[in-house]
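got a predicted model here, sequence first, then my questions.
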Amino acid sequence: GAGVSQSPSNKVTEKGKDVELRCDPISGHTALYWYRQRLGQGLEFLIYFQGNSAPDKSGLPSDRFSAERTGESVSTLTIQRTQQEDSAVYLCATRDAYGEQFFGPGTRLTVL
Amino acid sequence: DQQVKQNSPSLSVQEGRISILNCDYTNSMFDYFLWYKKYPAEGPTFLISISSIKDKNEDGRFTVFLNKSAKHLSLHIVPSQPGDSAVYFCAASAQNNDMRFGAGTRLTVKP
């Protein structure tokens, strides 16, 4: 595909359940970011992958959050034991050689 | 620790007038700045950028100004059009490529 894709587009889950969000990056983009946007707030940095380097996890809000990426391929963001405060739009972005980020459409997570 | 701040959550302007969106940052290591536009139910899309070696970058109706000494940048849209109505995010990155975003400003352009 031409752009960053994310799945699912919407996810409704019950408090306490685990969820997995997927990001398919633009081919050739080595840098991949996950962000979160809660209602009425700005984009909140979660985690950053750059090639095979150790990821920058400094934005992950708790140890319930984790993310994986193998090489320059698909990334998954996992939230364990979801809480209502986790409800947000989760955005994935990849970056080209010029520094521009390309965002996916996001996954809207609702925790009931 | 909010390193990028957009202090105006909303802005309303008349069609044809200038829209000025402001952004302040605190980290002097930031050397690349971007503006993104976001429509409801869509991901942000890149609008315009500026590196720290410049103080102005223009692309059609959009101009970004950077004042390094004040750690301030602004986005000017002129003339504003109703289709410009969206949330605008300011972003900044440093050499380590970590990008920080502001909280966004919701622009409404009234016909």
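Received, thanks.

number of nearby residues for the closest residue to residue A:7 other than its chain neighbours?
Nearest residue to residue A:7, sequence neighbours excluded (Cβ to Cβ, 6 or more residues apart in numbering or on different chains): residue A:22, at 4.9 Å. The C-beta positions use only the backbone N, C-alpha and C, and glycine is treated the same way. Counted with other Cβ atoms under 10 Å in any protein chain shown, residues neighbouring residue A:22 total 15.

again, but for the one 3 residues further on
The number of residues packed around residue A:25, counting by other Cβ under 10 Å, is 25.

is chain A within reach of the helix or strand containing residue B:89?
Using DSSP states H and E, residue B:89 sits in strand B:86-93. Yes: with Cβ under 8 Å from any Cβ of the partner chain as the measure, strand B:86-93 is seen reaching chain A through B:89, B:91, B:93.

from these, which is closest to residue A:99?
The closest of the residues of strand B:86-93 next to chain A to residue A:99 turns out to be residue B:93 (Cβ to Cβ; 6.9 Å).

bridged to that closest one, which residues?
residue B:32, residue B:99 (DSSP bridges).

give me the helices and strands touching the helix or strand where residue A:67 lies, please.
Taking DSSP H and E as the definition, residue A:67 sits inside strand A:65-69. If contacts are counted by 3 or more Cβ pairs under 8 Å, 6 or more residues apart in numbering or on different chains; DSSP states H and E, strand A:65-69 sits against strand A:43-50, strand A:75-79.

lowest average confidence across the ones you listed, which one?
Within the helices and strands packed on strand A:65-69, the least confident segment by mean pLDDT turns out to be strand A:43-50, at a mean of 88.

and the contacts of that one?
Contacts with strand A:43-50, where a contact means Cβ atoms under 8 Å, 6 or more residues apart in numbering or on different chains, come from A:30-38, A:55-61, A:65, A:67, A:69, A:75, A:77, A:90-91, B:44, B:89, B:91, B:97-101, B:104.

which among these end up buried?
Listed as buried from the contacts of strand A:43-50 are A:30-37, A:55-56, A:59-60, A:65, A:67, A:69, A:75, A:77, A:90-91, B:44, B:89, B:91, B:98-101, B:104; burial here means 16 or more other Cβ atoms under 10 Å in any protein chain shown.

in its sheet, what does the lowest-mean-pLDDT helix or strand in chain A sit against?
Lowest on mean pLDDT, DSSP states H and E among the helices and strands of chain A sits strand A:101-103, with a mean of 85. Its sheet considered, strand A:101-103 pairs with strand A:88-95 (antiparallel) by DSSP bridges.

show me which helix or strand of chain B is least confident by mean pLDDT.
strand B:99-101 (a mean of 82).

who are the packing partners of that strand?
Counting by 3+ Cβ pairs under 8 Å, 6+ apart, strand B:99-101 packs on strand A:43-50, strand B:86-93.

of the ones you listed, which stretch is the most buried?
Neighbour counts averaged per stretch over the helices and strands packed on strand B:99-101 are highest for strand B:86-93, at a mean of 23; criterion: mean count of other Cβ atoms under 10 Å in any protein chain shown.

so that strand versus strand A:43-50, what angle?
For the pair strand B:86-93 and strand A:43-50, the angle between their directions (axes from the mean of the first three to the mean of the last three Cα atoms, to 10 degrees) equals 50 degrees.
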